[in-house]
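[1] fold the following for me, if possible:
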Amino acid sequence: MVLIMVLLFKTPLRKLVIMGIDRVKGGRGPVVVKTVAGTMSVVLGSSVYSVLNIQKRWIDEGLVNPTDQVLMAKHLLEATLMGALLFLALMIDRLHHYIRELRILRKSMEAVKKQTRSLEDGKAAGSLEEIKVLEEEVTTLLEKSK
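    Numbers count the residues shown, from 1 in each chain. The predicted model follows:
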């Protein structure tokens with residue numbers, strides 16, 4: 001959660017965190033992250049399946065066994081932890097992606113603004129010259145046509 005909070009607000013620490021995530025996402029990082037996420041998903045599925053089996057047993061038998069209560073609490077805790085971690089990892093990944101996209105869009109907008117400014121500045125000075133050249137061409141063509 002702290003990592004998400006750092007990514008949400010523009011602080012000096014945010015740039016450092018983004019650089020760190022960039023390094024993790026480069027090289028073998030994505031393969032490792034996908035493997036860990038897959039393993040966590042399997043454990044999450046197993047925990048949820050065990051919880052459902054225990055609940056079904058309670059409904060069928062009508063008896064609540066103390067051992068089943070302990071196992072149910074353990075599996076619920078595992079499922080909650082795995083689900084929360086997978087969700088937070090997904091949130092961090094998406095925030096990082098959107099921040100990078102936003103940074104790229106801002107840079108391209110700055111470049112476009114600079115280009116339009118330079119074209120406008122060049123046009124203002126160049127437009128008078130172009131008009132004079134075109135007027136001269138018009139006059140020469142008129143003379144040739146006469």
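[2] list the contacts of the most centrally placed residue in the chain.
    In the chain, the residue lying closest to the centroid (C-alpha atoms, centre = their mean) is His97, at 2.1 Å. Listed by C-beta atoms under 8 Å, 6 or more residues apart in numbering, His97 has no contact partners. Where you see a C-beta, it was placed from the backbone N, CA and C, and this is true even at glycine.
[3] shaky segments in the chain?
    122-128 (pLDDT under 70).
[4] which helix in this structure runs the most residues?
    helix 66-145 (DSSP state H).
[5] chain center to that one: distance?
    Per C-alpha atoms, centre = their mean, to the nearest Å, the displacement of helix 66-145 from the mean C-alpha position of its chain is 13 Å.
[6] how about Phe9, phi and psi?
    Here is the backbone geometry of Phe9 (degrees, to the nearest 10): phi -110, psi 140.
[7] tell me, how many residues neighbour it?
    By the criterion of other C-beta atoms under 10 Å, Phe9 has 8 neighbours.
[8] and Met72, how many residues sit next to it?
    So Met72, with other C-beta under 10 Å, has 19 neighbours.
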